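Chemist: 3D, please:
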Amino acid sequence: MVALSLGTFAATRPSDRERAGLKGPVRTVHVDVAYGRMNVAGPFVEARREILEETSYNAAGDIVSRRFFDNGAPVVVESWATLPDGSRLIHSNAPADDGTGFRTTRLRPQPQVGLPLLKASDGEYTFVRACTVDGAGRVTQETLYSGATVNPKTAYAVSRFVYSTTGLLTEIQRTSAQTNRLLNKVVYTYDRQKNVEQEYVYGPENLLLSRYAFTYEYDDRGNWTKRTGTRMDNDGGATVVLIRTITYDAAR
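Modeler: The predicted model follows:
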């Protein structure tokens, strides 16, 4: 069984590449994650590195496939297609969400935050991700439904997206669909290049759980190729570095 995800978009929606903030005719984005710590006397000291994800785009800028890795092996594989009405159809071999809003990379039972997702005999899950968009093609709300149909009684979790007057995503609130209980909230601030500069993560009681600061390096097209993220709310200063290898359409 393959998980199903549906979203309804305006006919003039931005391409997936534009929504990701990518500039130019990007065809693939390969992301490695490097773990380590900042050295007080010098640069970041890398302890280990592994592939994190890989995304492929078509000439129109829409995603055709995504792969997410764990210990070097692809554990989540998605294929994307555009339907005649402009909606995006996503087939995936993994559940969409573990209730906290962060991608689940292993097929495991879902925690009870509202209704559980339905588990099939092959160990995978079926869900529908229904999206509401505004006139600019931005997702303003996303509801996960357990099973293969949209049914209010099987709504699982709701994410609400807040944007600035300039169109930047500033906040995501995730709640249980059945109880409206806050699961978590993430708040973003941006730098002059419109990349996330700081990220604040709040828990169910709206208490600050963590704060991250990000710095970037860019290629000649203005896309970042290295992002250094440091956790700012503890003494350890744990740092994660993302390395992006981007390929472009040679004909453009």
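
Chemist: could you look up the next helix or strand downstream of the helix or strand containing V75?
Modeler: Using DSSP states H and E, V75 sits in strand 73-82. Helices and strands here follow DSSP H and E; after strand 73-82, the next one along the chain is strand 88-92.

Chemist: ok now the strand holding V75, how far from the chain's centre?
Modeler: In terms of C-alpha atoms, centre = their mean, to the nearest Å, the centre of strand 73-82 is found 13 Å from the chain centre.

Chemist: and the angle from that strand to strand 88-92?
Modeler: 160 degrees (axes from the mean of the first three to the mean of the last three C-alpha atoms, to 10 degrees).

Chemist: below-threshold pLDDT in the protein: ranges please.
Modeler: Along the chain, segments meeting pLDDT under 70 span 1-13, 38-42, 85-88, 94-127, 147-149, 234-237, 251-252.

Chemist: let's go with 50 and repeat that
Modeler: For the chain, the stretches flagged by pLDDT under 50 are 1-11, 96-115.

Chemist: which stretches of the stretch 151-252 of the chain form strands?
Modeler: In the stretch 151-252 of the chain, the strands defined using DSSP state E, counting those that start in this stretch lie at 155-163, 169-176, 182-190, 196-202, 208-218, 224-231, 238-248.

Chemist: buried sites along the last one?
Modeler: I take that to be strand 238-248. For strand 238-248, the neighbour count (16 or more other C-beta atoms under 10 Å) marks A238, T239, V240, V241, L242, I243, R244, I246, Y248 as buried. C-betas here are computed from N, CA, C, even on glycine.

Chemist: over to the fifth one?
Modeler: Of the residues in strand 208-218, those with enough neighbours to count as buried (16+ other C-beta under 10 Å) are Y212, F214, Y216.

Chemist: the second one now?
Modeler: Of the residues in strand 169-176, L169, I172, Q173, R174, T175, S176 count as buried by neighbour count, 16+ other C-beta under 10 Å.

Chemist: need the residues you listed in CSV (columns: distance to T225).
Modeler: Below are the buried residues of strand 169-176 laid out as CSV (distance: C-beta to C-beta, whole Å):
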residue, distance to T225
L169, 22
I172, 25
Q173, 31
R174, 30
T175, 35
S176, 38
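
Chemist: check those and tell me the two furthest apart.
Modeler: Using C-beta to C-beta, these span at most 21.6 Å, a distance reached by L169 and S176.

Chemist: how many other residues sit next to D191?
Modeler: Counted with other C-beta atoms under 10 Å, the neighbours of D191 add up to 12.

Chemist: coming back round to it: can I get the strands of the stretch 151-252 of the chain in TSV including distance to T55?
Modeler: Output for the strands of the stretch 151-252 of the chain, formatted as TSV (distance: least, C-beta to C-beta, whole Å):
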stretch	distance to T55
strand 155-163	20
strand 169-176	18
strand 182-190	20
strand 196-202	18
strand 208-218	18
strand 224-231	14
strand 238-248	10
